[in-house]
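> sequence first, then the predicted structure:
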Amino acid sequence: MKEGFKKFHALLITIGILVVWVVLEALLYTIFGKNPATTIIGIGIAFVIGAYFYHAVKKAWKK
């Protein structure tokens, strides 16, 4: 039961990261226009946010 919930939670986090990334991409695109650097920056920011959420979830699971 707990294992299945962990997998579901991981899926939710992945979807959340993708949504954040798409929103960031749209914002960066409207500000800077089409530029490969903005895509790389967007991916980097999304990964940082994703790592933060992942560690927060891991801490919550240990309690």
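Nice, thanks for sending it over.

> all strands of this structure, in order?
Read by DSSP state E, the chain holds no strands at all.

> mind naming the longest helix for it?
Counting by DSSP state H, the longest helix found in the chain is helix 2-32.

> how far does stretch 17-37 sit from its chain's centre?
Taking Cα atoms, centre = their mean, to the nearest Å, one finds stretch 17-37 lying 13 Å from the centre of the chain it belongs to.

> so who does Gly44 touch?
Contact analysis of Gly44 by Cβ atoms under 8 Å, 6 or more residues apart in numbering lists nothing. C-beta here means a position set from N, CA and C on the backbone, and glycine is covered the same way.

> return the set of buried residues in stretch 44-63.
Neighbour counts using 16 or more other Cβ atoms under 10 Å place 46, 50 of stretch 44-63 among the buried residues.

> what about the chain, any weak spots by pLDDT?
1, 60-63 (pLDDT under 70).

> center of it, which residue is that?
Central residue of the chain (Cα atoms, centre = their mean): Ile17, 2.1 Å from the mean position.

> and that one, how far from Gly33?
Look at Ile17 and Gly33: by Cβ to Cβ, to the nearest Å, they are 24 Å apart.

> equivalent analysis for Leu12, please.
Applying Cβ to Cβ, the value for Leu12 to Gly33 is 32 Å.
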